[in-house]
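Asks: Generate a structure from the sequence data that follows.
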Amino acid sequence: MNTIFDVLAQDHEQVTRMLTDLTAGPTVTSGASDDELLVRKRMTEQLIIEESGHEAVEEMFFWPMVRDRVADGNALADEAIVQEQTAKEVMDKLDKLDAGEPGFEDLLAMFTAAALSHIQFEELRVWPALSAGLSVAEAEDLAGEILVAKQAAPTRPHPHTPGTPGAQKTIGPLAGIADKIRDRATGRGR
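Replies: I've put the predicted structure just below:
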């Protein structure tokens, strides 16, 4: 059975791969064709879909566990929530732009740097502390909660939704349903 650290590591690896592909990909300044820019936009949409769900379920389950089980858990969770809030704001702006529009590459670069820094923060500072405070069974249970919650999680950033567990557990699934309907109607994420 997977633990919470296995599940989050898989998410982090997926996001890192997406960011690497986007960083290496053709841009408007490097002479990308319209088709290449469309692919770049679709790749960015997929990144935002994955990252939006990931952050929402962390705010629902992971950060509350950090607060409860780690000596300086409140400070770590507070720092992470600020990082995630900033990422939501950048993703919200990025999601509204096409890959050839001014500002797209700057926002993508800003998000890439912030996401990689956040991943390091979690993996190097938070995970060791939390793993010391959880049994294997608890880490597996938390993984299960995260995996179930991801099915109903938002696919878009919602920067105006508070990053608290209660708000995410109440609003997150509703936003997830609305996001998925909107995505289906617009073809986003295909």
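Asks: Averaging pLDDT per element, find the lowest-scoring helix or strand in this protein.
Replies: helix 165-186 (a mean of 80; mean pLDDT, DSSP states H and E).
Asks: Can you pull the phi/psi pair for the residue of the chain most remote from its centre?
Replies: Within the chain, residue 31 marks the point farthest from the mean C-alpha position, 29.4 Å out by C-alpha atoms, centre = their mean. Backbone torsions for residue 31, taken as degrees, to the nearest 10, come to phi 90, psi 20.
Asks: Next one: residue 25 from residue 180, what distance?
Replies: Distance of residue 25 to residue 180, computed by C-beta to C-beta, to the nearest Å: 27 Å. Where C-beta positions appear, they are placed from N, C-alpha and C, glycine not excepted.
Asks: ugh, typo on my part, it should be residue 136
Replies: 33 Å.
Asks: More neighbours: those two, which one.
Replies: Taking neighbours as other C-beta atoms under 10 Å, residue 136 and residue 180 compare with residue 180 leading, 18 against 10.
Asks: Tell me who's in contact with residue 52.
Replies: 88, 91, 153, 154, 155, 156, 157, 158, 179 (C-beta atoms under 8 Å, 6 or more residues apart in numbering).
Asks: which residues sit against the least confident helix or strand of the chain?
Replies: 49, 52-53, 56-57, 59-61, 63-64, 149, 152-156, 158, 161-162, 188-189.
Asks: switch to 10 Å and redo it
Replies: Here helix 165-186 makes contact (C-beta atoms under 10 Å, 6 or more residues apart in numbering) with 45, 49, 52-53, 55-65, 67, 149-158, 160-162, 164, 188-190.
Asks: same thing with stretch 24-32?
Replies: Contacts of stretch 24-32 (C-beta under 10 Å, 6+ apart): 33-34, 36-40, 43-44, 98-102, 104-105, 108.
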